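[1] only geometry, no sequence info:
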């Protein structure tokens with residue numbers, strides 16, 4: 001009489017993704033502890049993608065402009081963040097967040113910030129175009145520079161170079177003899 005050895009069936013060992021219990025797979029494929037399905041569908045593999053930074057929105061750009069203005073004006077006034085924060089009656093970390101562009105101040109905060117810095121609110125929210133317009137207006141306010149600006153478009157590149165050299169020499173005190 002031949003004896004047959006009982007067949008050793010292999011049992012699959014699985015880990016429940018929910019409760020992390022390591023166990024043999026049950027007949028119904030439910031976890032013995034939490035009773036959730038043991039089979040988790042794997043998400044489809046995706047090809048590697050280039051990660052780009054988040055698109056810059058108008059509010060982000062405005063926040064960055066305000067941050068730069070606040071920092072520049074505060075430094076020009078030789079104030080620390082702590083001094084500015086005490087004038088505004090806010091924590092110093094709030095000033096730091098504003099200057100680093102991590103917090104965009106509300107209109108009320110902008111008014112208090114402008115008052116603490118001793119400036120108008122418009123100086124905190126002005127953009128590069130308005131600063132450029134102010135600089136151009138300041139240049140044309142000088143009669144000599146406005147007269148020079150009138151003639152500059154009529155000069156060619158050699159004449160401009162010679163003119164710039166003559167102005168530089170006159171300003172530094174160097175005199176050329178011809």
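    Nice, thanks for sending it over. Bear in mind the structure is a predicted one, so any value in this text is a computation, not a measurement.
[2] Not counting sequence-adjacent ones, nearest residue to the most centrally placed residue in the chain?
    Nearest to the mean C-alpha position of the chain, counting by C-alpha atoms, centre = their mean, stands residue 101 at 5.9 Å. Leaving aside its sequence neighbours, residue 101 sits nearest to residue 67 (C-beta to C-beta, 6 or more residues apart in numbering; 4.4 Å). Yep, even glycine has a C-beta here, placed from its N, CA and C like the rest.
[3] What are the buried residues along the helix or strand of the chain with the lowest mean pLDDT?
    Taking mean pLDDT, DSSP states H and E as the measure, helix 128-141 is the helix or strand of the chain with the lowest mean score, a mean of 76. The neighbour-count check on helix 128-141 (16 or more other C-beta atoms under 10 Å) flags nothing as buried.
[4] residues making contact with that helix?
    65, 145, 146, 149 (C-beta atoms under 8 Å, 6 or more residues apart in numbering).
[5] Counting only helices, which of these make the cut?
    Mapping the contacts of helix 128-141 onto helices (DSSP state H) picks out 65, 145, 146, 149.
[6] Please check the contacts of helix 128-141 and keep the buried ones.
    residue 65.
[7] just the ones in helices among the contacts of helix 128-141 now: which is nearest residue 38?
    residue 65 (54.5 Å; C-beta to C-beta).
[8] returning to that earlier point: report the two of the ones in helices among the contacts of helix 128-141 separated the most.
    Spanning the widest gap among those are 65 and 146, at 29.1 Å by C-beta to C-beta.
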